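**Student:** following is a predicted model, sequence given first.
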Amino acid sequence: MPLYHGSCHCGAIRFEIAAEIKELTQCDCSLCRKKNALMCAVHESAFKLQQGESALSLYQWNTRIARHYFCNVCGIYTFHRKRSMPDHYGVNVRCLDDFDPATAHVRQAEGKSMSVVDADARPEWKGPRA
Ligand SMILES: [Zn+2]
């Protein structure tokens, strides 16, 4: 299993993931659009925070289930705990060393339809909204 090392811009936060990264997601929710996030999902057992717990800032919105982390020094989004798969992390693949996003398929996730706060959220999401 390939091991990737990731970090924020200033290096305060360092983590590693053991993953065969075959699929990336882009999401159209209001948060991911503004972060311009390109992500992969990894099970929590494949994720290890190596350094920077004190540099992690938490942002929550919408149902406040997902936990979106970013560096409180440089502001970079590094990873989040997912709402749709609570035992998985979503990881910002642009924080990974030696990973070329062009090598993986990009799936468009319909995060906007999962929203409980976007007035124009689409109705397709079948999962819980609360
Ligand atoms: Zn940083």
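**Tutor:** Received the coordinates, thanks.
**Student:** from here on, contacts and neighbour counts on C-alpha atoms
**Tutor:** Noted.
**Student:** could you look up the SS state of the most centrally placed residue in the chain?
**Tutor:** By C-alpha atoms, centre = their mean, the chain has its centre lying nearest to Gly90, at 3.2 Å. Here Gly90 is recorded as strand under DSSP: H, G, I helix; E, B strand; the rest coil.
**Student:** so who does Leu3 touch?
**Tutor:** Applying C-alpha atoms under 8 Å, 6 or more residues apart in numbering to Leu3 gives the contacts 16-19.
**Student:** ignore the last one, Cys71
**Tutor:** 8, 12-13, 55-57, 77-78.
**Student:** in strands, which of those fall?
**Tutor:** The members of these that map onto strands under DSSP state E are 56-57, 77-78.
**Student:** which parts of the chain sit against the ion?
**Tutor:** Contact residues (C-alpha under 5 Å from the ion) of the chain with the ion: 8-10, 12, 71, 73-74.
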